[in-house]
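Visitor: how does the following fold in three dimensions:
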Amino acid sequence: MDPVTTVTAASQVANSQVVWSILCICLVVYVFWNSAKREQKLMENLEALTAAQGEQANAMREISKSLTSLEGRMDRMEKHIF
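Guide: The predicted structure is shown next:
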């Protein structure tokens, strides 16, 4: 096969609507497949962040209880001192 015939055949294939249709379908499938994987990773990340936020909320509640207790002690000490 000579180079001119090869280039002509490649040009005809490249200009074919069937090839472009197949490439577009493959691209759509690829995008959907990757978006599903990306969504799964995002959901896992969201679950981890939600768990971490719950732990932070519990820690804040404990700190609030400790501060309330400390405030009560300080009030009692002030009553005895003054």
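
Visitor: how far off centre is the helix or strand that contains Met43?
Guide: Using DSSP states H and E, Met43 falls within helix 17-81. Distance of helix 17-81 from the chain centroid (CA atoms, centre = their mean, to the nearest Å) equals 10 Å.

Visitor: angle of the one helix or strand in the chain whose mean pLDDT sits lowest against helix 17-81?
Guide: Lowest by mean pLDDT, DSSP states H and E among the helices and strands of the chain is helix 3-15, with a mean of 81. Angle of helix 3-15 versus helix 17-81, following axes from the mean of the first three to the mean of the last three CA atoms, to 10 degrees, is 50 degrees.

Visitor: what lies in contact with helix 3-15?
Guide: Outside of helix 3-15, the residues within contact range by CB atoms under 8 Å, 6 or more residues apart in numbering are Val19. Yep, even glycine has a C-beta here, placed from its N, CA and C like the rest.

Visitor: got the buried residues for that helix?
Guide: Across helix 3-15, burial judged by 16 or more other CB atoms under 10 Å covers no residue at all.

Visitor: tell me where this structure is predicted with low confidence.
Guide: Filtered on pLDDT under 70, the chain yields the residue ranges 1, 82.

Visitor: center of it, which residue is that?
Guide: In the chain, the residue lying closest to the centroid (CA atoms, centre = their mean) is Leu42, at 2.7 Å.

Visitor: which ones are touching that residue?
Guide: Applying CB under 8 Å, 6+ apart, no residues qualify as near Leu42.
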